[in-house]
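> Quick one, structure for this:
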Amino acid sequence: MTRDQFNDIYWAAQPPAVRALKDMTNGPNKMNAAVALAQQGYTVDAWIGFYGFEPWGTMSARQMEGLPWAPALLQDYHMVPNPIGPGEVAPNTPMPKGAIKTSLDPADYPPFDPPPPASKADLVKNPVGSGPIPGTNIYTSATGDNWPAGSEYTDQRGEFVKKSQQTPFGPRMWWEKVG
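Numbering: from 1, shown residues only. Modelled structure (predicted):
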């Protein structure tokens, strides 16, 4: 993953109100907005959202310094046993609730706004493939089947429900005839 890709993933994981800090010019307005968000209960990374440093550089620097987490903007430092100082934590200090985990793993930054579901117009016309598999009521998914798990579909063969099971190799999807 590139530096820019990580930065995009980081910002996409933030609530829209926090995400707005990204495009603000550093100065009193940005400072006031970041503090107001923190006072409202949002988790704001001081170095990224307040000072405007890039997410990848900030997380990389924390990793190089051995810091597993950083306090959020306005987080009470007294909750940290034996703090070194504002913005610094000992590598073995447990991460308090509301702190920011140091990570460059995209899995730690799920999108705040999930992708919109496919509209009916975007779904393939007939998602149920061949079948049934002998001795079952299971049908394959047709080529290009993009219907989400749990979808219901009816054609001349009957009524079907799309099923999914997570495997170590990714999801396995099929259609089950229910009527």
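
> okay, now the domains of this structure?
Domain assignment for the chain by automatic domain parsing gives 3-108, 120-177.

> Can you say which of those domains is packed in most?
domain 3-108 (a mean of 15; mean count of other CB atoms under 10 Å). Backbone N, C-alpha and C define where each C-beta goes, glycine included.

> Please state the offset of it from the chain centre?
Domain 3-108 has its C-alpha centroid displaced from the chain centroid by 16 Å (CA atoms, centre = their mean, to the nearest Å).

> Any idea how far apart the tips of that domain sit?
End-to-end span of domain 3-108 (CA to CA, to the nearest Å): 16 Å.

> looking at the domains of the chain, which is closest to Pro114?
domain 3-108 (10.4 Å; CB to CB).

> Now render the domains of the chain as CSV, adding mean pLDDT and distance to Pro114.
Output for the domains of the chain, formatted as CSV (pLDDT from 0 to 100; distance: least, CB to CB, whole Å):
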stretch, mean pLDDT, distance to Pro114
domain 3-108, 86, 10
domain 120-177, 88, 12
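
> Identify the residue nearest the geometric centre of the chain.
Taking CA atoms, centre = their mean, the centroid of the chain lies closest to Pro110, which sits 0.6 Å from it.

> did I read that right, it in a strand?
No: counting by DSSP: H, G, I helix; E, B strand; the rest coil, Pro110 is not part of a strand but coil.

> All good on my end, thank you.
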